[in-house]
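Asks: model the following, please.
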Amino acid sequence: MAGSSHGHTPAAWTGVTIAFIGFTVAGAFMVMANPVGFWAGMAIVVLGGVVGAVMRSMGLGQPKEQARALAYTAPAATREPAPAATREPAGAES
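Replies: Here you go, the predicted structure:
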């Protein structure tokens, strides 16, 4: 995961931060039994997704060519299995 730049963009950070604030607001109003405040917090969560998508379309997200290259990278090399041991166990007589 560390080799990819998944989520390391201004669009991702901004969208997730706004959504986190929305979840916090919604959770606080849920505990206070205030449905209007809860739905306002949920609207902030949706706003976070919209802001992240708009920023990505403005070029502040991961480039599509890079995302495609990272998703379909072939394995570097394959290993062959080790040969089976041909020795008999200790104490066994032939």
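
Asks: only C-alpha atoms for contact and neighbour calcs from this point on.
Replies: Will do.

Asks: burial count for G27?
Replies: Neighbourhood size, G27 [other C-alpha atoms under 10 Å]: 16.

Asks: correct me, but it touches G37?
Replies: No: in this structure G27 lies outside contact range of G37 using C-alpha atoms under 8 Å: 9.3 Å.

Asks: these two touch, right, P10 and L60?
Replies: Yes: using C-alpha under 8 Å, P10 is in contact with L60, at 5.9 Å.

Asks: spit out the residues that contact those two alike.
Replies: Common contact partners of P10 and L60 (C-alpha atoms under 8 Å, 6 or more residues apart in numbering): none.

Asks: the helix or strand G22 falls within - what's its average pLDDT?
Replies: For G22, the host element (DSSP states H and E) is helix 10-31. Averaged across helix 10-31, pLDDT comes to 94.

Asks: now that helix: buried residues?
Replies: Residues of helix 10-31 classed as buried: 10-12, 14-16, 18-27, 29-30 (neighbour count, 16 or more other C-alpha atoms under 10 Å).

Asks: from the contact counts, what lies against it?
Replies: Helix 10-31 sits against helix 35-55, with contacts defined as 3 or more C-alpha pairs under 8 Å, 6 or more residues apart in numbering; DSSP states H and E.

Asks: angle of the helix it packs on against helix 10-31?
Replies: 170 degrees (axes from the mean of the first three to the mean of the last three C-alpha atoms, to 10 degrees).

Asks: in this structure, which segments are predicted with low confidence?
Replies: Residue ranges of the chain with pLDDT under 70: 1-7, 65-79, 81, 84-94.
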